[in-house]
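J.: Model the structure of this input:
(2 chains)
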2 protein chains.
Amino acid sequence: MRESGLKPTIRDVARSAGVSVGTVSRVLNAHSKVQPRLREKVEKAIADLGYSPNAVAQSMRSRATHTVGCVIREINISALAAFVGAAHDVLDEAGYSLVLSNSEGRRERERGLLERLSRRQMDGIMIGPYSPMTDEFDAFLRGLGVPIVLVDRDEPSWADAVMTDHAQGIRAAIGHLLGLGHRAISLITGEPSLYPARERLRGYEEAFRAAGLTPDPAIIHASSFLAGAGFRLTSSMLAASKRPTAIIAGGIGMLPGVLKAIRVRGLAIPTDISVIGSGSSELADLHVPPIALQHWDQAEVGRIAANLLLDRILGRTGPDPRHVLVPNAFVLRDSVGPARRS
Amino acid sequence: MRESGLKPTIRDVARSAGVSVGTVSRVLNAHSKVQPRLREKVEKAIADLGYSPNAVAQSMRSRATHTVGCVIREINISALAAFVGAAHDVLDEAGYSLVLSNSEGRRERERGLLERLSRRQMDGIMIGPYSPMTDEFDAFLRGLGVPIVLVDRDEPSWADAVMTDHAQGIRAAIGHLLGLGHRAISLITGEPSLYPARERLRGYEEAFRAAGLTPDPAIIHASSFLAGAGFRLTSSMLAASKRPTAIIAGGIGMLPGVLKAIRVRGLAIPTDISVIGSGSSELADLHVPPIALQHWDQAEVGRIAANLLLDRILGRTGPDPRHVLVPNAFVLRDSVGPARRS
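T.: Numbering: from 1, shown residues only, chains lettered A, B, ... in the order given. Predicted coordinates:
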């Protein structure tokens, strides 16, 4: 059936199937409607000829690359890997590829990566920006001209978003610690300009207020989610004359640094100090003792983010942005015990 | 300088710079040679006009998408995340994006992902295939028509590859265990058709032979790298009347399952049983006691893989495939002690 020894073209397929090139093109575009009878003919011709569509040329015509960008802070954090893995699976199922970019929490780099993804015509982008959501950054994101799903950011009214209810998990954790006699409860988390940090601070303060107590601001640290901060801040608090009786590592990459600092200091968990992490990890599960957690389903967050984005890309949803809140829980484990008497 | 109120085109840039469209195109292609004087003129015109090249249209012309595919078994394994993160950084530096795909160790899925990446005209692909390197699979890979770097696979003579010297690390580990009186040393690893498993088996046998000893084949399990295998096989060995005195989790995702089985059984490490993992993880570092390792630098593997691929894509290397071997070491930690007397 083929005209020459060269690779078959879309014209060869159309001729062999007895349909127009436009029909073949619609069959190749998974999301176009084609009569089943015509689709069968085209699919048979494609199989007979061994035709392999050139996806880049296809995307030029359809303006769709079937590729989604994802910018995360650091792939090397197990809870973020769970997010990426779950989002990947949903996208893959729908025929979309995932471009992964690592911002390292550097704001200029984050912008550069977003610009590059937009230039490469991603069909959509998932991001939990590390840049604060100022008006200027908000305008920058809108200016990218591509559907965006924000992950764990609540501010903009114009984008789809999936958030987790960090305040809920932290309130429950603090309530439990207060019941065990803890008062010097340290919280280490990121900049308050970022939603997850702000929400953890809110939950922390609400739980103290509900108990009629006032927290000690000297052991609340809301300065950085980055890896070194957990180690550095814990080390300096443990070296102080009055050290906290409990520490909450309020960020998904922060537990290793907190545990390392406690080990370096030679303290026992929970006898000397109680420890609570944020987000699941093999480390938290298999540590001796296992580490109590402010817990949410990070894979579920990935699945929701990918589905919100696909709905937007494929026009399966109305113009209004959708915001989904994933619940949090406090998972009690043996790393939490009664407050040590000082 | 612009002709109309519409977005500036490559022609507008050429006219403004007083050069040909071809020169502008070569400037836009980061890897083409252009006289510095002309490059300056073009860059000034691009800045003046606010010209933004369309990367998809550009790739149609240059046949380069500046995108590299990476197929891994499971993103949710910390050592693989380290590999991906390091490869990403090298590619990003060179202006390349990374498409990440998760095969879940399913062979049909792996093929489907590779075909999709090839159809989307990746400039190159990095993969440690989970499919065995049969002649048929080898032909399939070559047929993709895209530069490939194989990760931890040694078989093909036609592709660049980076491998780690697992036999070296395991020989050292076994040598140390034998010196402590261990004889019932279990090795749990993947299918021998896969290079890392085969090499670990080789190291294991060589170390026994060098000591004039014969290993017990009943506690050597080379059947699967997948997550459940570590737990299942360890559980059944620990339930047997004669249990091993040491276990090597011979795969990067296998340590959690082995530790969990030991915990469920209520055994103490290293008093009741010594444990050695493969590849770094926060779990191994911060477990109490810390877990000894067959160790290599997984980030270095990622950097080498990305550089091999870039060299091939950019023609910075000759036609002969290059193979790089990354050394292994045995990192001794407190999870290893003298053999328990039975």
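
J.: Using PDB, write out every CA atom in stretch A:280-297.
T.: C-alpha atoms of stretch A:280-297 as PDB (Å, rounded to 0.1, in the frame of the first residue of the first chain):
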ATOM      1  CA  SER A 280       5.500  10.000  56.200                       C
ATOM      2  CA  SER A 281       8.900   8.500  55.500                       C
ATOM      3  CA  GLU A 282      10.600   5.200  55.900                       C
ATOM      4  CA  LEU A 283      12.900   7.000  58.400                       C
ATOM      5  CA  ALA A 284       9.900   7.900  60.600                       C
ATOM      6  CA  ASP A 285       8.400   4.400  60.300                       C
ATOM      7  CA  LEU A 286      11.500   2.400  61.000                       C
ATOM      8  CA  HIS A 287      13.300   4.600  63.400                       C
ATOM      9  CA  VAL A 288      13.700   3.200  66.900                       C
ATOM     10  CA  PRO A 289      11.400   4.400  68.400                       C
ATOM     11  CA  PRO A 290       9.100   5.200  65.500                       C
ATOM     12  CA  ILE A 291       8.500   8.900  65.100                       C
ATOM     13  CA  ALA A 292       5.100  10.400  65.700                       C
ATOM     14  CA  LEU A 293       3.800  12.400  62.700                       C
ATOM     15  CA  GLN A 294       1.700  15.300  61.600                       C
ATOM     16  CA  HIS A 295       0.400  13.100  58.800                       C
ATOM     17  CA  TRP A 296      -1.400  13.500  55.400                       C
ATOM     18  CA  ASP A 297      -1.500  11.400  52.300                       C
END
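
J.: list the buried ones in it?
T.: A:280-287, A:290-297 (16 or more other Cβ atoms under 10 Å in any protein chain shown). For the C-beta atoms, the positions are set from N, CA and C on the backbone; glycine is no exception.

J.: Can you flag which of those belong to helices?
T.: A:282-286 (DSSP state H).

J.: Of those residues, which fall within the contact range of chain B?
T.: A:282-283, A:285-286 (Cβ under 8 Å from any Cβ of the partner chain).

J.: Sort the residues you listed by pLDDT and name the bottom one.
T.: Lowest pLDDT among those: A:Glu282, with 88.

J.: Was I right to think that residue contacts B:Ser281?
T.: Yes - A:Glu282 is within contact range of B:Ser281, at 7.2 Å (criterion: Cβ atoms under 8 Å).

J.: Now for these two: what residues contact both?
T.: When contacts are counted by Cβ atoms under 8 Å, 6 or more residues apart in numbering or on different chains, A:Glu282 and B:Ser281 have B:Ser78 as shared neighbours.

J.: ok, A:Ala82 to chain B distance?
T.: Using Cβ to the nearest Cβ, to the nearest Å, we find A:Ala82 at a distance of 6 Å from chain B.

J.: give me the number of residues near A:Arg106?
T.: 15 (other Cβ atoms under 10 Å in any protein chain shown).

J.: What parts of the stretch 151-300 of chain A come near chain B?
T.: A:256, A:259-260, A:263, A:281-283, A:285-288.

J.: any idea which of those residues is closest to A:Leu310?
T.: When those are compared for distance to A:Leu310 (Cβ to Cβ), A:Ser281 wins out at 28.0 Å.

J.: Contacts only, for the residue lying closest to that closest one once chain neighbours are set aside.
T.: Leaving aside its chain neighbours, A:Ser281 sits nearest to A:Ser78 (4.6 Å; criterion: Cβ to Cβ, 6 or more residues apart in numbering or on different chains). A:Ser78 makes contact with A:280-283, B:76, B:78, B:81, B:282, according to Cβ under 8 Å, 6+ apart.

J.: which parts of the helix or strand containing A:Ser25 are buried?
T.: Assigned by DSSP states H and E, A:Ser25 belongs to helix A:21-28. Judged by neighbour count (16+ other Cβ under 10 Å), helix A:21-28 contains these buried residues: A:23-28.

J.: Extract the C-alpha set from it and format it as CSV.
T.: Written as CSV, here are the backbone C-alpha positions of helix A:21-28 (Å, rounded to 0.1, in the frame of the first residue of the first chain):
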residue,chain,number,x,y,z
VAL,A,21,-5.8,13.4,6.5
GLY,A,22,-7.9,15.4,8.9
THR,A,23,-9.6,12.2,10.1
VAL,A,24,-6.3,10.5,10.7
SER,A,25,-5.2,13.5,12.6
ARG,A,26,-8.2,13.4,14.8
VAL,A,27,-7.7,9.7,15.5
LEU,A,28,-4.1,10.4,16.5
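
J.: Can you name every helix or strand that it contacts?
T.: On a contact count with 3 or more Cβ pairs under 8 Å, 6 or more residues apart in numbering or on different chains; DSSP states H and E, helix A:21-28 meets helix A:10-17, helix A:36-49, helix A:55-62.

J.: same thing but at 6 Å, please
T.: If you count contacts as 3 or more Cβ pairs under 6 Å, 6 or more residues apart in numbering or on different chains; DSSP states H and E, helix A:21-28 packs onto helix A:10-17, helix A:36-49.

J.: And the contacts of the shortest one?
T.: By Cβ atoms under 6 Å, 6 or more residues apart in numbering or on different chains, the surrounding residues in contact with helix A:10-17 are A:1-2, A:21, A:24, A:41-42, A:45-46, A:49, A:51.

J.: average pLDDT for it?
T.: 83.

J.: likewise the last one?
T.: For helix A:36-49, mean pLDDT is 82.

J.: now stretch A:145-160
T.: On average, stretch A:145-160 scores 90.

J.: For it, buried residues please.
T.: A:146-153, A:155-156, A:159-160.

J.: and which of those is nearest to A:Asp334?
T.: For the buried residues of stretch A:145-160, the closest approach to A:Asp334 (Cβ to Cβ) belongs to A:Asp152, at 28.4 Å.

J.: Is it correct that that closest one is in contact with A:Val162?
T.: No - at 7.5 Å, A:Asp152 does not count as touching A:Val162 under the criterion of Cβ atoms under 6 Å.

J.: ok so, going back, and of the buried residues of helix A:21-28, the nearest to chain B?
T.: Comparing the buried residues of helix A:21-28 against chain B with Cβ to the nearest Cβ places A:Leu28 closest, at 10.5 Å.

J.: My read is that A:Phe137 contacts A:Ser131, right?
T.: Yes - between A:Phe137 and A:Ser131 there is a contact under Cβ under 6 Å: 5.0 Å.

J.: between those two, who's got more neighbours?
T.: A:Ser131 (21 against 17).

J.: how close does the more buried one get to B:Gly95?
T.: 22 Å (Cβ to Cβ, to the nearest Å).

J.: Poorly predicted segments of the stretch 51-200 of chain A, please.
T.: Scanning the stretch 51-200 of chain A for pLDDT under 70 picks out A:52-63.

J.: mind listing the strands for it?
T.: A:67-72, A:97-102, A:124-127, A:148-151, A:160-164, A:185-189 (DSSP state E, counting those that start in this stretch).

J.: Please work out which residues outside the fifth one touch it.
T.: Which is strand A:160-164. By Cβ under 6 Å, 6+ apart, the surrounding residues in contact with strand A:160-164 are A:149-152, A:154, A:296, A:301, A:304-305, A:308, A:312, A:321-326, A:328.

J.: how far away is the closest residue to A:His66 other than its chain neighbours from B:Glu74?
T.: Among residues not flanking A:His66 along the chain, A:Tyr96 sits closest, at 5.2 Å (Cβ to Cβ, 6+ apart). Noted for A:Tyr96: a distance of 19 Å to B:Glu74, by Cβ to Cβ.

J.: which of the two has more neighbours?
T.: A:Tyr96 (24 against 19).

J.: pretty sure the more buried one is in contact with A:Gly69, am I right?
T.: No - with contacts counted by Cβ under 6 Å, A:Tyr96 stays clear of A:Gly69, the gap being 10.7 Å.

J.: related to what we said a few turns ago, if I look at the residue nearest to A:Ser281, how far off is A:Gly279?
T.: Distance from A:Ser78 to A:Gly279, by Cβ to Cβ: 8 Å.

J.: What is the helix or strand hosting A:Ile247 packed up against?
T.: Element membership for A:Ile247 (DSSP H and E) is strand A:246-250. Contacts defined by 3+ Cβ pairs under 6 Å, 6+ apart place strand A:246-250 against strand A:185-189, helix A:255-264, strand A:274-278.
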